[in-house]
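K.L.:
give me coordinates for this.
(2 chains)
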Amino acid sequence: MTDTVTTARTPRLDLNTASPEALAALPGLDPALAERIIAHRPFTRTKELLRVPGLEPEVFALVAPRVKVARPRAAREPRPRRPRAAPAPASPPVEVHVHVNAPLEATTYRTTGAPPPPPTPDVIDPVVIVAPEPRMAGRQLAPATSRALVPLGAQVSAALFESYAGPRVMFALFSFTLLAVALALMTGTLSFRWSAAPATLPAPTEPGVPLATQVSQAVSATLAAQPTATPPPTATPGPTEAPPTPTTAFVSNSGLDGVGPQIFNETFVPPGYWSVGETDFSNIFFDDNQLAVLVKTPGAIAWAFNGYAADDFYYQGLVRMGACQLGDYAGLVFRGQDDNNLYLFGLACDGRYRLVRRAGGEFQFLLDFTFTPEAAAGSNATNLLAVRAEARKLSLYVNDRFVNSVDDVAPAEGFFGVFAKAGVTSNLRADFDDLSAWSLGP
Amino acid sequence: MRTTDMRKWLISGVVLLALGSASFVVVPNWPERLGWRWQQFWSTTRRSVLQLPDTLPTPVTSSDAAPTAGARPLATPAAVSAPTLATPTAAQRPAQIELTGVTQVWQKVNNCGPATLAMALSYWGWKGTQANTANALKPNPDDRNVSPAELAAYAQRIGLEAQVRQGGTLELVRQLVAAGFPVILETTLVLPDQGWEGHYTLVTGYSDPHQQFTTQDSLRGPNFVQAYADVEREWRAFNYTFIVLHPPERQAQLLALLGDDPAADAQRAAERARAETQTLTGQDLAFAWFNLGTSLAALGDWPGAAQAYDQARQAGLPWRMLWYQHAPLETYFHTGRYDDVLALAEATLAQADGLEEVLYWRGQARLARGDRDGAAADWRAALAANRNYTAPAQALADAGLNP
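P.N.:
Model prediction:
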């Protein structure tokens, strides 16, 4: 690819950094619309322009080819810009003071390059780092109590084709292929002798009877009725009554009692949909069959949602914080309607739990740090946290033991997720595994 | 490059891409398999770099060791007649049966115990997952072994009852399944290139016509069928240990099948093991001797057990044997053969860290040898490996040491 070719393309404006004048100069836009676009920053994809009031699809069609959303580069100085791609003047590093609603501390961050966001007191985005997919913001929840949202294929294709990234896509496909072949070889699915190495251990088969046939025969077999294809039993056929059915009435003394159908069981083998990704302040990624939430900056909080939502449920998951100190905590997110309206149930490094409600972007502490002997404290401790949400009542469990309950003021259907909040620790990491939810009620 | 060559490369690329992509979809549980392979790779590397043996050390000859047991005939156990159970015969049960209602749980690395327990509990209507069982059973996720007693204790904690027995038979398993009780077997997994390992599996069905069991396996998948003979062979290494969960109200029905006399179980198991030592060879023979030792230890015959374990070690025990069964350490300790405790413990700990029971018994042997600091270090390491394990905490307290 030569410079001649690249310069022939129209330079695109970065939606997050372009000046109002540059935006207003685009076809279909005027100064008022440009201001509204700026008020909707930050953008993570160009399609989000459609959320800007007054920006019609026809205008979007005109604007989309001329704008872009640059990927955030964590902890890096901005690259020297090519002349064609620098509509906004580079600005010197700016200190942004963001006041988070008390008692979360006011925090100072140094940003580079981009001008600071509008200093409204309610702005919490630079501190509250959420997944870089604000897909749920403003999305209307469907009336169903639970379901998977946003098919993975749709997300992948959207990510691939929304912007021009041909070489990157090719590279990713190539890497994927290499990885997949290596994986297939290592797991024994693929071998250089193509017929060898079954995916599972060889089952002891009878000569001449395929395994699948045996399984189906075994599963469908009843007490006395033999499949016509099977040879008659050598043993004397026994009684013909059905096998005893298991008794289901026992009390397990945990929040699991009386739960209904399972909504999801996430063991990350392989991972389902989670809003993963990296920002300047956090990185949420899959690692070692777990979901890792890395909070880079002290004072910051990060969360990730999956694609399931429910109103009444029992939700649990294993939480393991790495090296941690007083003030760090991590746990479950539930009833998350969007990034400004959700609940957090976390366990601190010292084994105390906290229940936080975020309503309209403001944090309210429904239960502040409270000690429980059920928790395993300290770095690298694993705990099983659970919430039972039944209409207004929120019951909390640590390691399968009830610890407390509160009345929720405004129960609502919402998404499930996980979070980590760093108090004073840099690069606080929390790993989450085996997350499950069951619906309550009929 | 010629066009035909290019086409060949292109076709190869497309085929590889398709196969690679398909492998992500069709290989169930692939990250787990990969993680497991990775762990095995490091284990193998460590073993080959350190030149670690494939079998546990043979008996130590030391001042306090018993006379070489290999050539000596074993003493006949005191109890001679084992009571027999009035269990129904094969003619009184169905020829084949399948119990349904178990939810498949795919295990995480070294998690067959919690995963199999979760499957067994699901049959009785429990709603939890591997997270609940693993959280309680393995506070340290790297713990490689969960004992049958720990599985039973968890079931009891949530309101069920559990029977842990040794010396089971294939016919007894079939009887239990026919009566509506799935059976957890403590058994063996031998994977190509990886060698012998312990495993749990859940038996939910059998078929006499096909001479096979149906198992729900946390690694091999749901409705995994296995021939009777293979189940018996894999089960032998654990003295035919099995666990049956049941609601309290069905205890009488279960005990009618199982009996309620652990000493009689051990006696029967000892006699069976003794018989097997006359017929088996190779590693199976080692397991038969080992089982005899375990059953005699359960009967309190420490000298007899030590002799049987000596025979097992001379026949060649796999190097992971003491990850799961610790009666040899206890036996040698009770017979004053501390060097054998230390030799076995060190051979085992050289190949894997964090085996709390092995650390505990090495601590006991070290204390007996006068190494108080070494004992304290072992007990603290055992506590760090499993905070729910009370024996090392008690040992520290008894020795007047801080945890």
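
K.L.:
okay, now residue A:332: neighbour count?
P.N.:
25 (other CB atoms under 10 Å in any protein chain shown). The C-beta positions use only the backbone N, C-alpha and C, and glycine is treated the same way.

K.L.:
before we move on, what about residue A:313?
P.N.:
Neighbours around residue A:313, by other CB under 10 Å: 28.

K.L.:
wait, it sits on residue A:440?
P.N.:
Yes. Contact criterion CB atoms under 8 Å: residue A:313 and residue A:440 qualify, at 6.0 Å.

K.L.:
what is in contact with the two at once?
P.N.:
Common neighbours of residue A:313 and residue A:440 (criterion: CB atoms under 8 Å, 6 or more residues apart in numbering or on different chains): A:388, A:389.

K.L.:
per-residue pLDDT, the residue of the stretch 251-400 of chain B found nearest chain A?
P.N.:
Nearest to chain A in the stretch 251-400 of chain B, going by CB to the nearest CB, is residue B:387, at a distance of 7.5 Å. Residue B:387 is assigned 81 on the pLDDT scale.

K.L.:
if I look at it, how far off is residue B:351?
P.N.:
23 Å (CB to CB, to the nearest Å).

K.L.:
can you check residue B:111 too?
P.N.:
Taking CB to CB, one finds residue B:111 at 20 Å from residue B:351.

K.L.:
in the helix or strand containing residue A:59, what's buried?
P.N.:
Assigned by DSSP states H and E, residue A:59 belongs to helix A:57-63. Using 16 or more other CB atoms under 10 Å in any protein chain shown as the test for burial, helix A:57-63 gives A:59, A:60, A:63.

K.L.:
same check on stretch B:322-339?
P.N.:
Of the residues in stretch B:322-339, those with enough neighbours to count as buried (16+ other CB under 10 Å) are B:322-335, B:337-339.

K.L.:
now swap in stretch B:296-314 and tell me
P.N.:
In stretch B:296-314, counting by 16+ other CB under 10 Å, buried: B:296-299, B:301-302, B:304-314.

K.L.:
also stretch A:380-391?
P.N.:
A:381, A:382, A:383, A:384, A:385, A:386, A:387, A:388, A:389, A:390.

K.L.:
just to revisit the earlier point, which of the buried residues of stretch B:322-339 come close to chain A?
P.N.:
By CB under 8 Å from any CB of the partner chain, no member of the buried residues of stretch B:322-339 lies near chain A.

K.L.:
residues in contact with residue 276?
P.N.:
No chain in the question, so chain A it is. Residue A:276 touches A:131, A:284, A:285, A:286, A:291, A:304, counting by CB under 8 Å, 6+ apart.

K.L.:
not quite, I wanted chain B
P.N.:
Counted by CB under 8 Å, 6+ apart, residue B:276 has contacts B:236, B:284, B:285, B:288, B:291.

K.L.:
export these to CSV and tack on neighbour count?
P.N.:
Shown next, in CSV, are the contacts of residue B:276 (neighbours: other CB atoms under 10 Å in any protein chain shown):
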residue, neighbour count
B:236, 21
B:284, 15
B:285, 19
B:288, 27
B:291, 28
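
K.L.:
inside helices: which ones of those residues?
P.N.:
With helices taken from DSSP state H, the overlap with the contacts of residue B:276 comprises B:236, B:284, B:285, B:288, B:291.

K.L.:
what helix or strand is residue A:335 on?
P.N.:
Using DSSP H and E, residue A:335 falls in strand A:329-338.

K.L.:
what pairs with that strand, parallel or antiparallel?
P.N.:
strand A:341-348 (antiparallel), strand A:414-421 (antiparallel) (DSSP bridges).

K.L.:
relative to chain A, how far out is the closest residue to residue B:257 other than its chain neighbours?
P.N.:
Excluding the flanking residues, the one nearest residue B:257 by CB to CB, 6 or more residues apart in numbering or on different chains is residue B:175, at 5.5 Å. Per CB to the nearest CB, to the nearest Å, residue B:175 is found 11 Å from chain A.

K.L.:
which strand residues bridge residue A:356?
P.N.:
residue A:344, residue A:365.

K.L.:
worst-scoring helix or strand of chain B, pLDDT-wise?
P.N.:
helix B:30-49 (a mean of 64; mean pLDDT, DSSP states H and E).

K.L.:
about what we covered before: the more surrounded of residue B:111 and residue B:351?
P.N.:
residue B:111 (26 against 17).

K.L.:
what's the pLDDT at that one?
P.N.:
For residue B:111, the pLDDT comes out at 89.

K.L.:
go on, the one 10 residues further on?
P.N.:
Residue B:121 carries a pLDDT score of 95 in this model.

K.L.:
CA atoms of stretch B:269-277 as CSV?
P.N.:
Provided in CSV are the C-alpha atoms of stretch B:269-277 (Å, rounded to 0.1, in the frame of the first residue of the first chain):
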residue,chain,number,x,y,z
ALA,B,269,-12.4,-56.3,51.4
ALA,B,270,-9.3,-57.7,53.1
GLU,B,271,-10.2,-61.3,52.1
ARG,B,272,-11.0,-60.3,48.6
ALA,B,273,-7.7,-58.4,48.3
ARG,B,274,-5.8,-61.4,49.7
ALA,B,275,-7.4,-63.6,47.1
GLU,B,276,-6.5,-61.1,44.3
THR,B,277,-2.9,-61.1,45.4
